[in-house]
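Trainee: got a sequence here, can you build the structure:
(8 chains, ligands or ions: 6)
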Amino acid sequence: MEREILLTGIGGQGVQLAAQVLARAATDEGRHVMTLGTYGGTMRGGNTDSSIVIGDAPISTPPIVSRAWAGLGMHPRYWPDLAAKLRPDGIAAVNGELFEAPVEAAAALRVETGALASEAKAPLAGSLVLAGAFAAATRLVRLASLIAAMEDALPSYRRQHAEGNARALRAGWDSVAEPLCEAWPDEGAS
Amino acid sequence: MEREILLTGIGGQGVQLAAQVLARAATDEGRHVMTLGTYGGTMRGGNTDSSIVIGDAPISTPPIVSRAWAGLGMHPRYWPDLAAKLRPDGIAAVNGELFEAPVEAAAALRVETGALASEAKAPLAGSLVLAGAFAAATRLVRLASLIAAMEDALPSYRRQHAEGNARALRAGWDSVAEPLCEAWPDEGAS
Amino acid sequence: MTRRLMEGSEAMAEAAIAAGCRFFAGYPMTPFTELLENFAAKLPTAGGTCINAESELEAVGMAWGACATGARAATGSTGQGLSLMQESLSEITRAELPLVVFNMARGQSDYYQATRGGGHGDYRHLVLAPIDVNEAIHHVQLAFHLADHWRNPVLIYGDYLLGHTAEAVDVVREGFDPLPEKDWAVDGSRGGGGDPRNLNPIGMVPGIKGIDPDSFWKRLQAKHDAMEAAEKRFDQEHLEDAELLVVAFGSMARFARHVVRELRAEGVRVGYFRPITLWPFPSEALAQAAAGVRKVAVLEQNAGQMIDDVRLSVLGAAPVAPIGGISSDSAGFGVGPLLDIETIRGRVENALDGSGARA
Amino acid sequence: MTRRLMEGSEAMAEAAIAAGCRFFAGYPMTPFTELLENFAAKLPTAGGTCINAESELEAVGMAWGACATGARAATGSTGQGLSLMQESLSEITRAELPLVVFNMARGQSDYYQATRGGGHGDYRHLVLAPIDVNEAIHHVQLAFHLADHWRNPVLIYGDYLLGHTAEAVDVVREGFDPLPEKDWAVDGSRGGGGDPRNLNPIGMVPGIKGIDPDSFWKRLQAKHDAMEAAEKRFDQEHLEDAELLVVAFGSMARFARHVVRELRAEGVRVGYFRPITLWPFPSEALAQAAAGVRKVAVLEQNAGQMIDDVRLSVLGAAPVAPIGGISSDSAGFGVGPLLDIETIRGRVENALDGSGARA
Amino acid sequence: MIESRGTVVIAAERCKGCELCIPACPPKVLRMSGERNAIGAEVPELLAGCTGCGACLLVCPDFCFEIYRFETPQTHPGAGAAS
Amino acid sequence: MIESRGTVVIAAERCKGCELCIPACPPKVLRMSGERNAIGAEVPELLAGCTGCGACLLVCPDFCFEIYRFETPQTHPGAGAAS
Amino acid sequence: MSDIIRTDRPPEAAARKTGEFMPTLQLSTDHDLCPGCGEPLALRTVLESIVDLGMSQQCVGVIGIGCYTALTSIMDVDLIQALHGRAPSVATGSKRMRPETLIFTLQGDGDMANEGLQEVIHTAARGESVTCILLNNGVFGETGGHMTATTVIGQRTKNSLDGRDAAYHGHPIDMIGLLAPLGGTAYAARGSVHDAAGVAKTRRMVRRAFEAQLRGDGFSIVEILTMCPTGWFIPTEEGPDYLDTVMGEIHVTGEWKRDGQLLQQAADPPEAD
Amino acid sequence: MSDIIRTDRPPEAAARKTGEFMPTLQLSTDHDLCPGCGEPLALRTVLESIVDLGMSQQCVGVIGIGCYTALTSIMDVDLIQALHGRAPSVATGSKRMRPETLIFTLQGDGDMANEGLQEVIHTAARGESVTCILLNNGVFGETGGHMTATTVIGQRTKNSLDGRDAAYHGHPIDMIGLLAPLGGTAYAARGSVHDAAGVAKTRRMVRRAFEAQLRGDGFSIVEILTMCPTGWFIPTEEGPDYLDTVMGEIHVTGEWKRDGQLLQQAADPPEAD
Ligand SMILES: Cc1ncc(C[n+]2csc(CCOP(=O)(O)OP(=O)(O)O)c2C)c(N)n1
Ligand SMILES: Cc1ncc(C[n+]2csc(CCOP(=O)(O)OP(=O)(O)O)c2C)c(N)n1
Ligand code: SF4
Ligand code: SF4
Ligand code: SF4
Ligand code: SF4
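Mentor: Ligands and ions are numbered 1, 2, ... in the order given. The predicted structure follows:
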């Protein structure tokens, strides 16, 4: 089984970090993973997208994903491109503070990323809140894996953010009461 | 009809000049001409060869001649290579002063190039003596054409040699009593 | 198995180092830059040297000098930078030096350059075109082995996707057949003994004036023929009863394979063939794979280059049609709209029409 | 008719000047040196400029700058120097500039480079391969015309023999169809008006950020296809009832033609086909010429390059066999032992065996 | 009382917030405003005391300044220049 | 009486007749001989008075000189050095 | 906060416009270079000099490859886009065919001092009447901020995050020091856009270089030191000071050669021009 | 003629051999260079210096393309044949992999100052511990004697038969003047083989350059002015004087940089070494 996840946002929102954390966490859990980040130019305000494919066997999908099981949206500006690729039975997790229109997906999750991040005293870590919530909603990876992966992904000169980031991931995870759409239905809950 | 002429000698003997003079004279007489000079390296004593093809229609033979109607030898060192290409019915004209062994050809002409050149007060123009004699023996081109072609071929800073060279060509021409092997038998004598 | 998430660029640099590469020189150019950066970051700790050369011409010269001493060495660029290296690459091949060259290309438009050699004269590199990061890890190590084995440059044809896609992989050092000693390598030791080494691209032999082109070329030609016979590699799938055969290489093959698998799952009689070595091109295998089909569709991201080799393999036995094309993004990095499963599926389906492959 | 005995190099320089060439830049290399010398000697008196550039890279850059202003300009080298120019030649083609490029090659081993482009990306030059000095005079003039007509580089493939053989020739200025005005050429005049010119190889348009690769490539591809359709040229002889067809280009074709004529005179059923344009390759004409034959023999002075195009034309209709090969002199100038009528006759006769062409 | 001999128009929508104009201003009458434009950049604002010298224009990489000199210097009540 | 403190061996067969050795010789005891070798080059000859300094060796592009110093200087009757 | 002046539209009081947003030879102000980049400032000096000399319709720019390449979309000048490193030769060919035209190149330090070092030296030695404009930020901006052949000792770049170290990375090349002494060089100067005075001085240098070209004096070069906060990994507002103190100390600004004469010491161009 | 001494065999009187026909690192004396060519003299200085330093079996030469390439057939040294212009980069790669080895290049002026100018400058700036030997005859000997980037004003070449004219042909590049000031250059000198003293001095320069390399001081360069009567279209015997007076006047001989210090004035290397 291959799970394709697309992320979109604009520069500075931490989309690439969130993608890294999800992908590494899955890798650490022994899955096969493929990810590709794309940037819409150097300018501020340009889009920043990422795709992740997670599977239980070597990934055969090409790195440019055209149909996805899940979409994570930090900013609505480039969301329509992503939404067009979402399978009808897919799940969408979006930043509830910026997305005004309702999101069309079989399972939709709106997360107050900014508020939760601020509460967690990590105001810049909104994308990690979203990642945490998404993981909780899908049981794609465990929270502990997310936290470990995040620590791993931080460059040395950003280590001081590790604790705040962990709180943000947890805040997201905790914001979801129960799974909406299990990533690995055959494996049972993690 | 195409007449292939090969010349051979060693560096400094004036072989390329002689070839130029024969080729230009034929060109001036309205024939189609092709010629290619080849040098055996920069060293003194290296060989210096040339091929000329003269015809009454555009030349179709490739520039590297493998069978020749005539051979001119200023020096015997590389003559065997040339001789191997001479047709059985061909003509050979050689520098009698350096060629010791007899030359095998249907028509063979030995010219005392050095002596005749010295007599003509153009001691370095031995190759032109040979060219003149060869032309006389074959009526390939007229003497006047040879002289005009030689004047044309001299670079400006060598103009002072023109008269001596003319004498050398004439000395060669005059040394041959009558044609040995007519180049253009169908055209009658020139 | 300790899989780590690594971008292709990082994995390739690690694989090279695992294979014993100790020298790299390059000049930045997208999408090759990250490969250079990874070598620069990793080689010094492995006891090697990475020079950020001042230009591609200088990079290839440095790599030439390094591999001439017997060290495992590599260089690379995108195809554009490789254009500048062609004079050297042509001569390095004739000097029989084992160099590994990376083309992190902007798409697949450098197929001719890679397979025919863009420089003067007759020469060929072995060309490996990995389909994904995992295979790239293998190919890089194989490349160093083959380069030493044949004393011939080996080119790895990658692209933006290969370099920038991260996959969870494990870089394990591979074993290969033993290689002869590099007694030809210049280390200075043969000076003064009357029999020095002279590594040159024109067949000069110390102590002998001039060159003997005939024996030199005969030797090279024989090696060329032996390489061609020995090193053809390919991958194929779903050939049974295929009516249409899709041929693709490198990253495009990953798209092609995916689409073929999807279509087969739907019962469509379509097959897949991938040359793994672009030179030597696996002609016989392709001819065989194409034996029963009604049509061969070539998916390449260029104006039609590999299609020559496909046609030369199939030789009229079935019609060969291009279904790819030039496709670029607005930055010119070769990540164009063709790189899309739906688009490719559409083209394959188009090619299917009339090929009789619909179940 | 005022024929003058001229070496090919001189005749080509004169033909270029007759065609209006006013700029040349080059760097010496045998056997290209004499062409450069002739341009240097003759251009200034014709009101033009010849720069003895400090290297091939600089030469091609200078020629680029010259032709961009609308002047007829040329450069060249041997294939080795052209290797260094490939990055520029590839980009000049995409910038759609009318440059004439001379390859005075060392033999015929640069066929791939000439016909596939040795640089990165998809691009093609029109390639003319004259058989002798007379044809070269025509081709040079045609080259300048075609370059302007298509706004595309045109390459003349010559060699040592073409450059150094003197023939009695007449350089007459030829007339061609009228050409459109060069309103694209930069002369500075469009500055300050809001609509300047920007001659670039990537499809940039003044006033617009970024590039639109799709429309750019579509336009180039369409031009490419039009050139390919319009410009195929070939020569053939003795096709009637031929059992063996000998295919050769450039200087080698002169040998091949001679041998075929000799054999025909002896009643042997052998034919001759010469691509005059190497790109576009006259495939349809060759396929037709080969239609009835039992065998096609390819005489080229290299390890086998044009044979690809021959096979791509014949597509299995008859066996295609190489009868040439790499052949060099000891100086490496490409004047090897293969350039000999007897040798070639022997190879053709060998190929004849079993082809049924003996009368 | 502060006198402005000149003034500027700032094309704030294309400002990228680099702050190069701030130290460039000799009378120090430019400062970052705390306001952000549509692309998220903090933009400068002008205090009284501009001389119309054009230094800001010369250093702005995004061509955000147009300079005016008053026919008659304008006066403003308070303290203008940032410390 | 002329004294030679040294002498040279000249490999005349490989001399190319460039004459570089002639002015290089400090005592001027080398001069062109008028003789030609097999490749047609005029070769130098040695007069009495060589000091064995080796200058000729250093300037000969064809490696034609080998240098000797006598244990005891040798004397020769006539005038040696060329004018 | 007191006394904030409206700047969103022209003043109401009688006033004379003394400075336009952009040079008249610019098509637009919209470009994709980073915040705080010095290259657009350098562009201003070039475009304004062309206008000053009345050459707007007799000028061809030959552009190298670097971040500044993106500026071509806003230049209202006839342009040839050259390859990375190759602009001086292209300029040479154009000048020879159009000797009456003002021809300049725009190149970065990666372009001119790395990839194309030999082109510019040969062009200068030949005394070619073209003007080369070198935008020197000490990094390959376009590919992410790597060290170039001009990066000064101690300078931060992507591959020298702790500063360039001579022992490990080699020494920087002083381009004006290299080019000024060449026989064919008529004019050589180095400016810097780290402040407004620097921009103004640089503009005078560019103009004088163009004048030398138009007089047919030979080769002219103006190196312009520009900020690249992105490649230096520093905040934009620190760029000018970093440029002035770190790069400017080694790459000394001023005129180095005037009218074919080397100056003993680099000097500012006279204000008077 | 009186007193002609036999020179066809060793003397009969007791004598000590003080000079061998050829350096010990030569395989033969047989080469195809022209009569009166200066390049074999330069070769001598290189081969003897290698022996002097005891590096015969730890030395790699990287050879450019020019007439001197033909000398490789007689060199008893491990060699890499590089392309025209590219030797310094090749030498760099070799040195990095074999730091204990003495690495030198042999290049002509066409090779180094034309085709490969940028390679040698970058190699010097990088401070690469290799030694470049430049054989400067001011012409492309190999292709027939054309002008190069070092040809001095007034020099005859195939394309400047009346002497190089600055206005038409541009100005020569002073290679040592260009390379000596670079930060990575440890040693820079120019010798000339126009006479025996010149050959001896040149040899000392080569040796000192090699010593600088072996000490790891950085880049070293020795330019050697050599005669090319063929390319200059003059009789062989006029070569040395032409070299000294025409070329030597512009390309000043002597040491220019020692131990990383530029000298005020080029000076001879001390005899003592
Ligand atoms: C032959 C070649 N090599 C590499 C590149 C990739 N490349 C594009 S721009 C650039 C660096 C530009 O640096 P610089 O000239 O200093 O300009 P900047 O970007 O700093 O303005 C490089 C290496 C290229 N375009 N062409
Ligand atoms: C890329 C390239 N361009 C041109 C040549 C042709 N070529 C061979 S040697 C030479 C000139 C050599 O001149 P120089 O280096 O000064 O050495 P010299 O022959 O004078 O000793 C040239 C241009 C070449 N070999 N390679
Ligand atoms: S014009 Fe001068 S004083 Fe006014 S804001 Fe700009 S820099 Fe400051
Ligand atoms: S200099 Fe320009 S872009 Fe930068 S902050 Fe000031 S107005 Fe904005
Ligand atoms: S220097 Fe040597 S080659 Fe020249 S003349 Fe003297 S001995 Fe002969
Ligand atoms: S051409 Fe000049 S450099 Fe070459 S061998 Fe002859 S004299 Fe020497």
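Trainee: and the residue nearest the centre of chain A, how close does it get to chain G?
Mentor: Among the residues of chain A, A:Ala131 comes closest to the average C-alpha position under CA atoms, centre = their mean, at 3.9 Å. From A:Ala131 across to chain G, the span is 27 Å (CB to the nearest CB, to the nearest Å). C-beta here means a position set from N, CA and C on the backbone, and glycine is covered the same way.
Trainee: same question, C:Ala53
Mentor: C:Ala53 is 9 Å from chain G, by CB to the nearest CB.
Trainee: wait, is the residue nearest to the centre of chain A part of a helix?
Mentor: Yes - assessed by DSSP: H, G, I helix; E, B strand; the rest coil, A:Ala131 belongs to a helix.
Trainee: that one contacts A:Ala23, doesn't it?
Mentor: No - counting by CB atoms under 8 Å, A:Ala131 does not reach A:Ala23; the two are 10.4 Å apart.
Trainee: what sits against the residue nearest to the centre of chain A?
Mentor: The contact partners of A:Ala131, by CB atoms under 8 Å, 6 or more residues apart in numbering or on different chains, come to A:18, A:21-22, A:72, A:146, A:169, A:172.
Trainee: make it 10 Å
Mentor: When contacts are counted by CB atoms under 10 Å, 6 or more residues apart in numbering or on different chains, A:Ala131 touches A:5, A:7, A:14-15, A:17-22, A:25, A:72, A:74, A:93, A:111, A:113, A:125, A:140-141, A:146, A:149-150, A:168-169, A:172-173.
Trainee: find the nearest non-adjacent residue to the residue of the stretch 101-250 of chain G found nearest ligand 1, please.
Mentor: Going by CB to the nearest ligand atom, ligand 1 is nearest to G:Gly108 of the stretch 101-250 of chain G, at 2.2 Å. Counting by CB to CB, 6 or more residues apart in numbering or on different chains, G:Gly66 is the residue found nearest to G:Gly108 once chain neighbours are left out, at 3.5 Å.
Trainee: and that neighbour, how far is that from C:His224?
Mentor: 41 Å (CB to CB, to the nearest Å).
Trainee: likewise for G:Gly145?
Mentor: Distance of G:Gly145 to C:His224, given as CB to CB: 43 Å.
Trainee: what do you get for A:Asn47?
Mentor: Relative to C:His224, A:Asn47 is positioned 49 Å away (CB to CB).
Trainee: near chain C, anything from stretch A:181-190?
Mentor: No - using CB under 10 Å from any CB of the partner chain, stretch A:181-190 never reaches chain C; the gap is at least 16.1 Å.
Trainee: give me the residues contacting that stretch.
Mentor: Applying CB under 10 Å, 6+ apart, the contact partners of stretch A:181-190 are A:1, A:3, A:5, A:26, A:29, A:31, A:54, A:56, A:69-70, A:89-93, A:105-109, A:134-135, A:137-145, A:178-179.
Trainee: apart from its neighbours in sequence, what residue is nearest whichever residue of chain E sits closest to ligand 1?
Mentor: Closest residue of chain E to ligand 1, CB to the nearest ligand atom: E:Pro61 (12.6 Å). In this structure, E:Pro61 finds its nearest non-sequential neighbour in G:Pro40, 4.2 Å apart by CB to CB, 6+ apart.
Trainee: show me what the helix or strand harbouring the one you found is packed against.
Mentor: Here G:Pro40 sits within helix G:39-52, counting by DSSP states H and E. Judged by 3 or more CB pairs under 10 Å, 6 or more residues apart in numbering or on different chains; DSSP states H and E, helix G:39-52 is in contact with helix E:55-59, strand G:59-63, strand G:102-108, strand G:131-136, strand G:185-192, helix G:196-215, strand G:219-225.
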